[in-house]
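S.K.: predicted structure and sequence below. I'll ask about it afterward.
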Amino acid sequence: MKLGLQLGYWSAQPPTNHAELVAVAEEAGFDTVFTAEAWGSDAFTPLAWWGRETTRMRLGTSVVQLSARTPTACAMASLTLDHLSGGRHILGLGVSGPQVVEGWYGQKFPKPLARTREYIDIIRQVWARDAPVTSAGPHYPLPLSGEGTTGLGKPLKPIVHPLRADIPIMLGAEGPKNVALAAEICDGWLPIFYSPRLAPMYNEWLDEGFARPGARRSREDFEICATAQVVVTDDRASIMDLIKPHLALYMGGMGAEDTNFHADVYRRMGYAEVVDEVTRLFRSDRKDDAAKAVPDELVDDSAIVGDIDYVRKQIVAWEAAGVTMMVIGARSPEQIHEAAALL
């Protein structure tokens, strides 16, 4: 079991302690530091900024959104960061949801699976640098031609020779088809709300992808890097109360009311009625009540909160379920050292 540090994305203001957290995580033996993006700070810039102070940890995005960049722009950012870090970059990708894709990026959301497959194919063409990059589309045709274009587009190779032709790609996926796609064409899976209780279901989805012709990986060399709240405490109730507003936001406020992939995860866990109630309250601007409607058992399904013996037992259970890396959010150096000591 490896450890990853999740810095996430910024809230209203830039964080003030991320340089310290990254330095402590590097010293404590963490394998990877991850950054994220939503509709504020981007993922690449902080990763490059803080990553320059590291020499060993891998630098991962968890996740960058497909619609934020064209495939070639994303490939450029990744090959640049991979060079700057000496080959320590991981590209974590995700499709986001229709509210963000169409409302923030002004892009079309339908056919996310087909778009992901095409996007990754183009990225790998850039990194391989075997030939000028082309794509028949239909989502990212290269070179672009037809009505409204000059017709002068030319297939190109990247000027820079990538340090690695095969930078690891991981997929942030929540539904069965997307998880299977991650197993088929990627090097890892980045679940945001993982529950070891549902491991048999996840394994079924993953095995479908591994069994497809041309699959890149097998279970033996595929990474599952699960983001989770891991808190050692003798005051479970207080920590639960701190986690619940975050879950209520994702369950009730992230995505459209009838299209929320995070909410679907908890429906699969058996919390459909809770999801409906949290969504109703959250969208009625009763966010405090929405958080209170989240039961403790729901928190326990995707977080580890308790005394040190309980946390150690749960980490063993997560590893037995197939998780290869626990990706934790830490607010202090003490939390990082505490997590490292657990392993």
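M.R.: Alright, I've got the coordinates.
S.K.: lowest-pLDDT helix or strand in the chain?
M.R.: helix 261-268 (a mean of 81; mean pLDDT, DSSP states H and E).
S.K.: for the residue most central in space within the chain, give its distance to Leu5.
M.R.: For the chain, the residue nearest the mean C-alpha position is Ser62 (3.4 Å; Cα atoms, centre = their mean). Per Cβ to Cβ, to the nearest Å, Ser62 is found 10 Å from Leu5. Where you see a C-beta, it was placed from the backbone N, CA and C, and this is true even at glycine.
S.K.: who touches both of these two?
M.R.: Both Ser62 and Leu5 are in contact with 34, 327, where contact means Cβ atoms under 8 Å, 6 or more residues apart in numbering.
S.K.: circling back: the least confident helix or strand of the chain packs against which elements?
M.R.: Packing contacts for helix 261-268, counted by 3 or more Cβ pairs under 8 Å, 6 or more residues apart in numbering; DSSP states H and E, involve helix 236-252, helix 272-282.
S.K.: using CSV, write down the CA coordinates of it.
M.R.: This file holds the C-alpha atoms of helix 261-268, laid out as CSV (Å, rounded to 0.1, in the frame of the first residue of the first chain):
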residue,chain,number,x,y,z
PHE,A,261,-22.3,11.1,-11.0
HIS,A,262,-21.2,11.5,-7.4
ALA,A,263,-24.7,11.0,-6.2
ASP,A,264,-25.0,7.9,-8.3
VAL,A,265,-22.0,6.4,-6.4
TYR,A,266,-24.0,6.6,-3.2
ARG,A,267,-27.1,5.3,-4.8
ARG,A,268,-25.1,2.2,-5.7
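S.K.: now tell me what touches that helix from outside.
M.R.: With Cβ under 8 Å, 6+ apart as the criterion, helix 261-268 contacts 97, 174-175, 192-193, 198, 201, 250-252, 254-255, 274-275, 279, 298.
S.K.: so what's the residue count around Ile90?
M.R.: Ile90 has 26 neighbours, counted by other Cβ atoms under 10 Å.
S.K.: how close does it get to Val232?
M.R.: Counting by Cβ to Cβ - Ile90 and Val232 are separated by 27 Å.
S.K.: cool, Gly8 as well?
M.R.: Counting by Cβ to Cβ - Gly8 and Val232 are separated by 20 Å.
S.K.: for Asp82, same thing?
M.R.: 35 Å.
S.K.: ramachandran angles for Leu59?
M.R.: The phi and psi values for Leu59, taken as degrees, to the nearest 10, are phi -120, psi 110.
S.K.: cool, thanks, talk later.
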